[in-house]
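Engineer: here is a sequence with its predicted model. Questions after.
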Amino acid sequence: MSNWEKVQLNKVADIKLSNVDKKTKANEKLVKLCNYTDVYKNSFIHSGLHKNFMIASCTNNEFNKFKLKEGQVAITKDSEKPNDIGIPAYISQNFEDVVLGYHLALFTPNNKLDGKYLNYWLNTKQSKRYFENNAGGSGQRCSLNLNVLQEIPLLLPNIENQKKIAKVLSDLDAKIELNNKINAELEAMAKLIYDYWFVQFDFPDKNGKPYKSSGGKMVYNEELKREIPAGWEVKEIGKLLAKESKVKKVPSSEYLSDGNIPIIDQSMKFICGFTNDTNTKIKTEIPIIVFGDHTRIVKLINFDFARGADGTQILLSNDERVPQHFFFQSITSIDLSNYGYARHFKFLKEKLTIVPEKDIVQKYELIAKNMFLKIKMNIEENQTLTELRDWLLPMLMNGQVSMD
């Protein structure tokens with residue numbers, strides 16, 4: 001560590017603050033916008049995210065300044081919450097039509113700084129403390145201005161060792177990313193089968209052929225204003241809910257970065273923190289559905305967890321014809337977006353859902369259960385890999401582990 005160099009970021013990188021918004025304007029260049037959420041939710045910006053980027057427009061000058069290139073690092077610079085600023089994401093490839101959006105800054109390293117190394121440095125406790133101590137703002141907004149970003153302190157080994165350090169950490173992140181991709185594909189497959197069987201009604205009949213397409217008997221349902229398979233019912237969500245047991249909830253101020261019990265709340269993050277308070281543990285003999293009353297985010301949990309005290313609802317079916325994996329897909333298929341910012345549980349309970357015959361829904365439940373068990377295994381592996389990465393990060397960045 002003795003030969004590591006202490007520098008400010010502006011000595012080894014170009015720093016620009018983006019002002020490209022999500023609007024499209026006449027006579028401007030149409031582009032894809034990598035926005036705040038894309039950076040906040042992803043450690044790496046790659047081509048797999050391209051379909052998620054929104055369409056926007058910018059001037060030619062803005063395009064040249066903020067087009068994303070491999071080796072750059074984007075960072076959140078404005079937010080209502082202090083913990084949401086200073087979140088970095090590494091740009092892992094060149095993009096021809098993607099620019100960085102507003103409330104974000106773009107760092108372009110020179111030949112003395114490796115972009116991946118910078119990305120991990122910005123995740124260290126040193127950087128987090130620097131952001132906390134230097135964030136400004138007015139009212140309810142926090143902000144990192146240009147001067148603060150330019151003066152970010154770095155501790156740099158030579159470029160070869162930077163790359164070695166970054167590779168150790170990025171290999172762990174690559175495995176985490178692969179597991180996340182597998183989980184997304186498994187979730188999509190479970191949803192596809194649900195739609196095929198319970199929306200299009202082409203579940204396997206007694207001869208293994210698609211029911212509706214093969215002439216299976218359909219009857220008109222007055223409540224849904226459409227035909228459904230004979231023998232099936234329709235019920236309100238509220239009439240399918242079992243009474244939940246009351247368990248102590250965990251306020252966000254008590255979330256831990258690691259612990260024995262994962263916390264599930266209504267945020268975008270699947271696991272938002274941890275607790276060691278055994279009085280909060282919810283045991284899952286069967287999967288439990290967690291519904292975000294404000295955010296409308298729905299999560300299927302098949303491991304013991306604690307519940308965040310931020311407006312979640314626990315959903316359990318009281319009908320064996322509506323088992324939990326099927327119930328989860330039914331709920332996620334319901335559109336509650338028209339109610340704006342509100343408590344959505346009361347609206348959810350009024351919605352109608354299909355109640356199939358027991359034999360076919362049990363077949364689906366077995367298929368979906370196996371998929372979500374694999375998802376659970378990947379989540380647990382990711383937690384182990386994350387703990388290993390976070391344990392290595394400070395030692396690698398402080399030179400406690402030599403890469404020579």
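Structural biologist: That came through fine.

Engineer: for the stretch 151-300 of the chain, which segments are assigned as helices?
Structural biologist: Under the criterion DSSP state H, counting those that start in this stretch, the stretch 151-300 of the chain contains helices at 159-198.

Engineer: report the buried residues of the helix or strand hosting Asp14.
Structural biologist: Using DSSP states H and E, Asp14 falls within strand 13-17. The neighbour-count check on strand 13-17 (16 or more other CB atoms under 10 Å) flags 13, 16-17 as buried. Glycine gets a C-beta too; all of them are placed from N, C-alpha and C.

Engineer: want to throw those residues into CSV with distance to Ala342 and pLDDT?
Structural biologist: Converted to CSV, those look like this (distance: CB to CB, whole Å; pLDDT from 0 to 100):
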residue, distance to Ala342, pLDDT
Ala13, 44, 97
Lys16, 39, 96
Leu17, 35, 96
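
Engineer: start and end of stretch 221-229, how far apart?
Structural biologist: 10 Å (CA to CA, to the nearest Å).

Engineer: relative to the whole chain's centre, how far out is it?
Structural biologist: Put simply, stretch 221-229 sits 35 Å off its chain's centre (CA atoms, centre = their mean, to the nearest Å).

Engineer: also stretch 53-71?
Structural biologist: 24 Å.

Engineer: can you pull the buried residues of it?
Structural biologist: 53, 56-58, 62-63, 65-68, 71.

Engineer: now the end-to-end length of it.
Structural biologist: For stretch 53-71, the end-to-end distance is 19 Å (CA to CA).

Engineer: counting neighbours, what do you get for the nearest residue to Leu118 once chain neighbours are set aside?
Structural biologist: Spatial nearest neighbour of Leu118, excluding adjacent residues (CB to CB, 6 or more residues apart in numbering): Val73 at 5.2 Å. By the criterion of other CB atoms under 10 Å, Val73 has 26 neighbours.

Engineer: so who does Val73 touch?
Structural biologist: Taking CB atoms under 8 Å, 6 or more residues apart in numbering as the criterion, Val73 is in contact with 88-91, 106-107, 109, 115, 118-119, 122.

Engineer: and of those residues, the nearest to Leu388?
Structural biologist: Asn119 (17.6 Å; CB to CB).

Engineer: now that closest one: how far from Gly137?
Structural biologist: 24 Å (CB to CB, to the nearest Å).

Engineer: what's the answer for Ser267, then?
Structural biologist: Ser267 is 22 Å from Gly137, by CB to CB.

Engineer: the two: which is more packed in?
Structural biologist: More neighbours surround Ser267 than the other of Ser267 and Gly137, with 18 against 15 (other CB under 10 Å).

Engineer: look up the closest residue to Tyr220, ignoring the ones flanking it.
Structural biologist: For Tyr220, the spatially nearest residue (CB to CB, 6+ apart) is Glu227, at 5.3 Å.

Engineer: quick check, that neighbour in contact with Tyr211.
Structural biologist: No - Glu227 is not in contact with Tyr211 according to CB atoms under 8 Å; the separation is 11.8 Å.

Engineer: who's more crowded, those two?
Structural biologist: Neighbours were counted for Glu227 and for Tyr211 using other CB under 10 Å; Tyr211 has more, 20 against 13.

Engineer: what's the local residue count around the residue nearest to the more buried one when sequence neighbours are not counted?
Structural biologist: Distances taken as CB to CB, 6+ apart put Asp205 closest to Tyr211, at 4.6 Å, once the chain neighbours are dropped. Using other CB under 10 Å, Asp205 is surrounded by 16 other residues.

Engineer: next, Asp205: phi, psi?
Structural biologist: phi -80, psi -170 (degrees, to the nearest 10).

Engineer: let me see the contact set for Asp293.
Structural biologist: When contacts are taken as CB under 8 Å, 6+ apart, Asp293 is in contact with 266, 311-313, 343-345.

Engineer: please repeat the previous calculation with a cut-off of 6 Å.
Structural biologist: 311, 313, 343-345 (CB atoms under 6 Å, 6 or more residues apart in numbering).

Engineer: what distance do you get for it to Gln266?
Structural biologist: 7 Å.

Engineer: which residues do the two both contact?
Structural biologist: Joint contacts of Asp293 and Gln266 (CB under 6 Å, 6+ apart) are Gly311.

Engineer: hmm, back to that, hmm, the residue nearest to Tyr220 is touching Gly216, no?
Structural biologist: No - contact criterion CB atoms under 6 Å: Glu227 and Gly216 do not qualify, at 10.4 Å.

Engineer: what does the model give the closest residue to Asp293 other than its chain neighbours for pLDDT?
Structural biologist: Leaving aside its sequence neighbours, Asp293 sits nearest to Gly311 (CB to CB, 6+ apart; 4.1 Å). On pLDDT, Gly311 comes in at 85.

Engineer: contacting residues for Gly311?
Structural biologist: Taking CB under 6 Å, 6+ apart as the test, what Gly311 contacts is 266, 293-294.

Engineer: and if we set it to 10 Å?
Structural biologist: 249, 265-266, 291-295, 343-345 (CB atoms under 10 Å, 6 or more residues apart in numbering).

Engineer: can you give me the distance of Lys167 to Asn3?
Structural biologist: Where Asn3 is concerned, Lys167 sits at a distance of 20 Å (CB to CB).
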